[in-house]
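Chemist: Sequence and predicted structure, then a few things I'm wondering about:
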Amino acid sequence: MTDNLYLPKIGRIVGIDEETQGARAIKTFKVEFPNDDGFEHDCGQCAMLSMFGKGESMISIASSPLVKEYKQFSIMKMGRVTSAFHAAKIGDFIGIRGPYGNQFPLNDWKGRDLVFIGGGVGLAPIWPVIQTAVARRGDFGKITVFYGARTSSDIMYEADFEKLKASAEVQLSVDAPEEGWPGYTGFVPANLMDKAPSPDNAIAITCGPPIMIKFVIQNLQALGFADEQIYTTIENKMKCGVGKCGRCNVGKDYVCVKGPVYSWAELKSLPQEY
Amino acid sequence: MEKILNQEKLREWVDMLDDCEVYAPAFADSVWNFARIEAGTDIDLSHTNTIGSVKEFVFPQREVFFRFEKKDGVPVLTPTLPDPKPTVVFGVRPCDGRGMPRNDTVFNKEFVDPYYWARRDKLTLIGLACNLPHSPNCFCQSVGGSPHSEDGLDVLMTDLGDRFHVKGITVKGVEAMERGRDAFDAVRDGDQAEVEKVHDTSRSFPQRPLGNLDAIPEAIRENFDSPLWADMAQHCIGCGICTFLCPTCHCFDINDEVISPTTGEGERVRTWDNCQFPDFTMHTSGHNPRADLGSRLRQRVSHKFLYFVENHKTQQCTGCGRCITECPVGIDIVAVLERVSQ
């Protein structure tokens, strides 16, 4: 008998960080495998997390594959399962199966500049790429990280951003004016145009709300980035994670298996159903 | 292996399969459907097509993946993998037989689905060639099949009036025939010619045409943004019967059902789901990639005649016609494809 792919492993929450508060609060959970049956993952992959009695949700793995002791997930409070996560305490048990999906082709990007553009909770799926690139700093050229949130108190991974400044250029923005805010004021795509990173030998990686991604890609193209130089990660509603339940497809691709990572060149060739 | 089985010996064969669960079509509540056959019961193979397809034997409407409970504060999961008796199904029409390898592909590719295969490995499909089209909506030949296709079947029976010609196709099929050894007679001179004549005649009846099958994917691609989808879906009531009765539709949902709120005991359950429902694809945010009826009809048709072809080089439709016959508002996949191809 093969492995039962629908049977989750048991995970234990060992850390909870409140990233943002309010109606769409975000918390970051550190999860360990108490039975020592954890799995390795690659940058960009996801895991199906469950709260028994509530159900499952597909969440991107926000920690670097280089971190072996735990996996990190940043979860916005939205529905039944994610609300149950927000009600969880340190020590609580969850279900976890995966990893699912493809990965960012980081090894193909050796020697190139990397431009990351994140917005809101959309920072989580590209965070492991940022962390891995920084850990392998010598492999890459200039690393720039653009990140925008609604307000300064909505900025995720605030302490990590401070550390990141040692090895990358960090460009933060908030949507509306705030007294004493040292960074850019305005939306992420506008900040991108303001700083105008060079497309020469560069790769741009973006994730955020769909509307942000749309304008970021337009602006990257205006800056001279080719479709093959732009990567994003998409999401659709998922239940199985293994290309069988039928709902996350974009054209012929099940995002849970063939995605979530696509170059804009690839994504452009698929129907606009995401 | 090819044998002859006199009509009155059918029951004898069934009786010799007494270590198996045997199913055959039965007429009840105005429809044919597969029903469990107890030993010593006659089976009637004069059926048209069953209302439900054989996929239900491998992909039941509701299936428990595992039970969860808490012991000393720690979740304990107990998988509920099925362990069925060997199951033999009689009277499977070739369109349903052809559906099975397509389902095998879905539940095998990339990740093996252990629940599906626990049932599938124990299942033997005894097909019955269609001497006459059983519905005006049959189009098996238009999607590359035939009324006597062996694809996906373990045995193919052909009705020759007073007797059946029985052909073992797979190892499982030959085993089922060997179990009923004494019931069978040898094939005699002339039987083969008679089978061929019946098969030839069965292919000569008119079916719903689809035109050039190879041109359909491109036609769908070209019409992705066409208003024809919304136009042809405007009377859809979103009931999903087209997919539930389809021998190849496999979409499902997974949910937790709590049995005891006090102990937290419950089950994780797979149930059939349906691409025609708005919440099938709706994100928690409310954003929906297929928010309207037109995009959902396009998905059903594209999945079968474009995406599955792109991924697996064959259509995910075997022309059984159930989705046309049983649609309460007359949505007709052949008519949709005809319009797409215009």
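Modeler: Happy to help now that I have it.
Chemist: Flag the shaky bits of the stretch 1-150 of chain A, pLDDT-wise.
Modeler: Using pLDDT under 70 as the threshold, the predicted model of the stretch 1-150 of chain A has low-confidence ranges A:1-2.
Chemist: Residues of it that sit close to chain B?
Modeler: Residues of the stretch 1-150 of chain A that fall close to chain B, judged by CB under 8 Å from any CB of the partner chain: A:1-8, A:10, A:50, A:52-56, A:78-79, A:82, A:93, A:95. Just so you know, the C-beta spots here come from the backbone N, C-alpha and C atoms, and that holds for glycine as well.
Chemist: and residue A:40, how many residues sit next to it?
Modeler: Residue neighbour count, defined by other CB atoms under 10 Å in any protein chain shown, stands at 8 for residue A:40.
Chemist: check contacts around the spatially closest residue to it that is not a sequence neighbour.
Modeler: Distances taken as CB to CB, 6 or more residues apart in numbering or on different chains put residue A:65 closest to residue A:40, at 6.5 Å, once the chain neighbours are dropped. Contact partners of residue A:65, counting by CB atoms under 8 Å, 6 or more residues apart in numbering or on different chains, are A:40, A:41, A:42, A:43, A:128, A:132.
Chemist: For the second one, which non-adjacent residue is closest in space?
Modeler: The spatially closest residue to residue A:41, leaving aside those adjacent along the chain, is residue A:99, at 3.9 Å (CB to CB, 6+ apart).
Chemist: Next one: the residue nearest to residue A:40 from chain B, what distance?
Modeler: With the distance defined as CB to the nearest CB, to the nearest Å, residue A:65 ends up 21 Å from chain B.
Chemist: any idea which element that residue lies in?
Modeler: Taking DSSP states H and E as the definition, one finds residue A:65 inside no helix or strand.
Chemist: so how far is residue A:166 from it?
Modeler: Remark: distance between residue A:65 and residue A:166 (CB to CB, to the nearest Å) = 21 Å.
Chemist: ok, now residue B:288?
Modeler: Distance check for residue B:288 against residue A:166: by CB to CB, it reads 43 Å.
Chemist: The two: which has the busier surroundings?
Modeler: The neighbour comparison of residue B:288 against residue A:166 (other CB under 10 Å) goes to residue B:288, with 17 against 9.
Chemist: can you count the residues close to the closest residue to that one other than its chain neighbours?
Modeler: With sequence-adjacent residues excluded and distances taken as CB to CB, 6+ apart, residue B:288 is closest to residue B:282, at 4.3 Å. For residue B:282, the neighbour count with other CB under 10 Å is 16.
Chemist: can you check residue A:162 too?
Modeler: Counted with other CB under 10 Å, residues neighbouring residue A:162 total 10.
Chemist: Helix, strand or coil: sort out it for me.
Modeler: Assigned by DSSP: H, G, I helix; E, B strand; the rest coil, the conformation of residue A:162 is helix.
Chemist: For residue A:181, see how far away it is.
Modeler: As defined by CB to CB, residue A:162 lies at a distance of 16 Å from residue A:181.
Chemist: Just list the residues touching the residue nearest to residue B:288, thanks.
Modeler: If you count contacts by CB under 8 Å, 6+ apart, residue B:282 has them with A:237, B:288, B:291.
Chemist: Dihedrals phi and psi, the nearest residue to the last one once chain neighbours are set aside?
Modeler: The shortest distance from residue B:291 to any residue that is not its chain neighbour, by CB to CB, 6+ apart, is 6.9 Å, and that residue is residue B:278. Here is the backbone geometry of residue B:278 (degrees, to the nearest 10): phi -60, psi -40.
Chemist: Run through the residues that contact residue B:278.
Modeler: Under the criterion of CB under 8 Å, 6+ apart, the contact list for residue B:278 reads B:238, B:288, B:290, B:291, B:296.
Chemist: Correct me if wrong: the third one contacts residue B:299.
Modeler: If I follow you right, that is residue B:290. Yes - contact criterion CB atoms under 8 Å: residue B:290 and residue B:299 qualify, at 5.8 Å.
Chemist: Looks like residue B:148 contacts residue B:199 (just checking).
Modeler: Yes - with contacts counted by CB under 8 Å, residue B:148 reaches residue B:199, the gap being 4.6 Å.
Chemist: For those two, list the residues in contact with both.
Modeler: Jointly contacting residue B:148 and residue B:199 under the rule CB under 8 Å, 6+ apart are B:129, B:158.
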